[in-house]
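A.B. asks: here is the input, now give the coordinates:
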Amino acid sequence: MKEQGLYSADGAFRSEKQIKRELALEGQLPPLFHDAKLPIDINNYLFSAQERATQMKELSAIHETAAITLPESSTIHIISDVHLGNAHVNVERFRQEIEAIRHTPNSYILFMGDLVDGIFWGGASGGEQSLSLGEQHGLLRSLFRSLNGKIIAGVSGEHDSKWATKTGSDPYEIMEEITGAPYLRGIAEIEISIQEQMYKIVAQHKARGQSMYNKNHPTYRESRFDVQGADVYISAHTHKKQISQEALRQFGEAKKVTHISTGTYKTGDEYGDRSGFAHQKPEEMYGASIRLHGDKKCVEVEYDILQALQRWDR
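C.D. replies: Numbering: from 1, shown residues only. Model prediction:
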């Protein structure tokens, strides 16, 4: 059968395949029509996938960047891996920090994931829950309402993501709805402007890499290979707390960089017992704080949130 195509005015012939190839490379894809009598074409499947992906992204409240402006020198308290709803959480310590932050001016919170335990689908974890899934959901709503105006952002953790996947209810979408604070996932890039100063923070619930000798290995790796040039790198997830500062050389200058790996509010669990992890002591646990200044470029760090509130916020 003779190949179909078009002849130009000068007599040159271009086949149908050549024409379609040229149009595809230029991005000029033909409209899709499907005859119900014929098998569904690959382009119809791809078109449906693209349309649904676009709708999913439009409905999603997830972001990777955030720009925040604070009026003057402020303290950011970094809280992660609280695991509310688990029987082994130090609830009193968490209550003490939240209550103090609520009533302290220029004192804000960056949530770094795993606020709730949220595990109810098999295994021993289900027997360690002190609150039902519905109660955990209600607890977060109440928490976000009480901290309205105090949360600068929330970064999703794997417990939060698993909860969303299994139940269809994402706690950070609740946070964004109630407080207006951005919900971030993946490697979050946060810019905080204070007067004339700009601070760049890279925050991720679980940064890549690990080392038995350096609990901040994931953020060290991130600062060199993933997102360079930030002032503060924060990671959570491991329940291994450490704070360190270093000078990173850039072309013609050096930059002071702060690394933070946050602790947990959960002393241990059955999984940790089986895996050979010792129950954690207070000195190893909880969140950390940074003080960002507006009159000069300076990041101060405090290992303990309650000590930060006593040291900086009087």
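
A.B. asks: please spell out which residues along stretch 215-229 are buried.
C.D. replies: Using 16 or more other C-beta atoms under 10 Å as the test for burial, stretch 215-229 gives 215, 216, 217, 218, 219, 220, 221, 222, 223, 226. For every residue, glycine as well, the C-beta is placed using N, CA and C.

A.B. asks: in a markdown table: those, plus distance to residue 302, secondary structure and pLDDT.
C.D. replies: Putting the buried residues of stretch 215-229 into a markdown table (distance: C-beta to C-beta, whole Å; DSSP: H, G, I helix; E, B strand; the rest coil; pLDDT from 0 to 100) gives the following:
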| residue | distance to residue 302 | secondary structure | pLDDT |
| --- | --- | --- | --- |
| 215 | 17 | coil | 95 |
| 216 | 16 | coil | 95 |
| 217 | 22 | helix | 96 |
| 218 | 21 | helix | 95 |
| 219 | 17 | helix | 96 |
| 220 | 21 | helix | 96 |
| 221 | 24 | helix | 95 |
| 222 | 22 | helix | 95 |
| 223 | 21 | helix | 94 |
| 226 | 26 | helix | 92 |
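
A.B. asks: JSON lines for those residues, including distance to residue 116?
C.D. replies: Shown next, in JSON lines, are the buried residues of stretch 215-229 (distance: C-beta to C-beta, whole Å):
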{"residue": "215", "distance to residue 116": "24"}
{"residue": "216", "distance to residue 116": "26"}
{"residue": "217", "distance to residue 116": "27"}
{"residue": "218", "distance to residue 116": "23"}
{"residue": "219", "distance to residue 116": "24"}
{"residue": "220", "distance to residue 116": "29"}
{"residue": "221", "distance to residue 116": "28"}
{"residue": "222", "distance to residue 116": "26"}
{"residue": "223", "distance to residue 116": "30"}
{"residue": "226", "distance to residue 116": "27"}
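
A.B. asks: out of these, which comes closest to residue 49?
C.D. replies: Using C-beta to C-beta, residue 226 comes nearest to residue 49 of the buried residues of stretch 215-229, at 28.9 Å.

A.B. asks: any chance you could map the strands in this protein?
C.D. replies: With DSSP state E, the ranges of strands along the chain come out as 5-7, 13-15, 62-70, 74-79, 107-111, 151-155, 183-194, 197-204, 232-235, 242-250, 253-261, 288-292, 299-302.

A.B. asks: single out the most deeply packed of the ones you listed.
C.D. replies: strand 232-235 (a mean of 27; mean count of other C-beta atoms under 10 Å).

A.B. asks: who's in contact with that one?
C.D. replies: 78, 110, 112, 199-207, 216, 218-220, 222-223, 257-262, 290, 299 (C-beta atoms under 8 Å, 6 or more residues apart in numbering).

A.B. asks: which neighbours in the sheet does it have, and how are they oriented?
C.D. replies: strand 197-204 (parallel), strand 253-261 (parallel) (DSSP bridges).

A.B. asks: okay, residue 153: pLDDT?
C.D. replies: Residue 153 carries a pLDDT value of 95.

A.B. asks: what sits against it?
C.D. replies: With contact set as C-beta under 8 Å, 6+ apart, residue 153 has these partners: 66, 68, 110, 111, 181, 182, 183, 184, 188, 190, 203.

A.B. asks: low-confidence stretches in this protein?
C.D. replies: Along the chain, the model assigns pLDDT under 70 to residues 1-2, 30-38, 40, 55-62, 119-127, 161-169, 313-314.
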